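In: Task: produce atomic coordinates for the following.
(2 chains)
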Amino acid sequence: MSVLIEAFKAIREKHLEAKKIVEEATAHAEKLRNEAEQKASRVYEEAYKTTLSRAEQTAIDLRRKAAKDGKHDLEKFLSNAKNEAKAIEAKARRNFRKAVDSVLDLILQ
Amino acid sequence: MESTRVITEMILEEAKKTAKIIIQEAQKSVEETLENQRQRGVERANEAAKILLNKAESEAELYKLNSMANAKIEAKWVVLSKKETWTENVLNKAKDELKVLTKSKKYLPILEKLIKQAGVALGGKELEVLLNAYDSALPLKLNKLAKEIGEKTGSKTKLKLSKEKPEVMGGVIVRKAEGKVIMDNTFDDILRRREKELRSEIARILF
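Out: Numbering: from 1, shown residues only, chains lettered A, B, ... in the order given. This is a model prediction of the structure:
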C-alpha cells in the first residue's frame, strides 16, 4: 500500500513540475508577444522612413538630372547659335557694301 | 518503482515538448507580427512615394521643357541680335553716306528730283518748299521745277522757298500754300517711312 502511495506522490510531484514548465513557457511566450507589440510600431516607422527616404532621394536625383539636362541643352543651343552668328557675321561682312548701296538706291530712286 | 519512474519521466518529457512548442509558436507569431508591420510600413511609404515621385517627375519634365524653351529663346536672341547689329550697321552707314552726299555736287539734281516728285504728288499749284538751312542756300532752279510740275499735273504751279528751316538731314518738305497738305520727301522721313522695306532688303542681301 505504501508503495502505491509513494508512486502517486512521485507522479503528483512530477505533474506539478510539468505544469510549472508549461506555465513558465506560456509566460515567456506572452512576454515575447508583448515585446513584439511594442517593437511593431518602431519596425513600421523604420520601414516607412527607409522606403520614403529612398523615394525622396530618387526625386532629388530626378530634379538634379532635369537641371543638368537643361544646362546641357542651353549650352548646346548656345554653341550652335554662336556658330550660326559667326557665319552670319562673315556673310554680312562680305555683302555689307552691296546692302548699303541697295539702301541708298531705294532711298534715292 | 520502475514503472513510476517511466511515467514521471514521460510527464516531464511531455511538458518540455509542450513548452518548446509554445515558445516556437510565440516566436513565429512575433516574426509574423513584425514582418506584417514592416510590410505595412513599406506599403504606406510606397503610396506616399508614388505621389512624391509623380510630382517630382512632372516638375522635372516641366523644368526640362522650360529650360529647353529658354535655351531656344536665348539661342535665337544670339542670332537675331547679330542680324540686328549688322542691319543697324548698314542703315547707319547709309545715313552717313547720305550726309556726305548732301554736301556733294551729286546732291543738287537729287534734291530737285525730290522736290519735283513731291510737287507732282500734291498736284502742283501754289506750293511752299521747306529745306534745311544748308540746302536753302543751294542754287535751286525753282521756276524751272515749277514749270515741270505744271506740265506733269496740268496745273499752273508756283514754288516758293519757305522761311521755315526744318532740322533734317536732307531732302525736302513740300506744302500746299494753304498749309493743310504736305509731302515729306526728306531723307529722314523716307528712312522712317520705308524702314520695314529697307530692313527686309538689307536682310535679303546680308544674310
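In: For the rest of this, base every contact and every neighbour count on C-alpha atoms.
Out: Fine.
In: Need the contact partners of stretch B:187-205.
Out: Identification of contacts with stretch B:187-205 by CA atoms under 8 Å, 6 or more residues apart in numbering or on different chains yields A:95, A:98-100, A:102-103, A:106-107, B:83, B:87, B:90, B:98, B:168-171, B:184.
In: Span of it from start to end?
Out: Stretch B:187-205 stretches 22 Å from its first residue to its last (CA to CA, to the nearest Å).
In: and it, which residues are buried?
Out: Buried residues in stretch B:187-205, counted by 16 or more other CA atoms under 10 Å in any protein chain shown: B:Phe187, B:Asp188, B:Asp189, B:Leu191, B:Leu198, B:Arg199, B:Glu201, B:Ile202, B:Ala203, B:Ile205.
In: Return the list of helices and strands in contact with the helix or strand where A:Ala66 lies.
Out: Taking DSSP states H and E as the definition, A:Ala66 sits inside helix A:2-108. On a contact count with 3 or more CA pairs under 8 Å, 6 or more residues apart in numbering or on different chains; DSSP states H and E, helix A:2-108 meets helix B:2-102, helix B:187-193, helix B:195-206.
In: Those helices: which one's closest to B:Lys116?
Out: Ranking the helices and strands packed on helix A:2-108 by their distance to B:Lys116 (criterion: CA to CA) puts helix B:187-193 first, at 14.9 Å.
In: circling back to that earlier point, can you lay out the helices and strands packed on helix A:2-108 as a markdown table showing mean pLDDT?
Out: Compiled in a markdown table, the helices and strands packed on helix A:2-108 are given as follows (pLDDT from 0 to 100):
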| stretch | mean pLDDT |
| --- | --- |
| helix B:2-102 | 95 |
| helix B:187-193 | 95 |
| helix B:195-206 | 97 |
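In: who are the neighbours in contact with B:Leu131?
Out: If you count contacts by CA under 8 Å, 6+ apart, then B:Leu131 has B:Leu161, B:Ser162, B:Glu164, B:Lys165, B:Pro166, B:Gly170, B:Gly171, B:Val172, B:Ile173 around it.
In: any idea how far the first one is from chain A?
Out: Pointing back at B:Leu161 there. Distance check for B:Leu161 against chain A: by CA to the nearest CA, to the nearest Å, it reads 22 Å.
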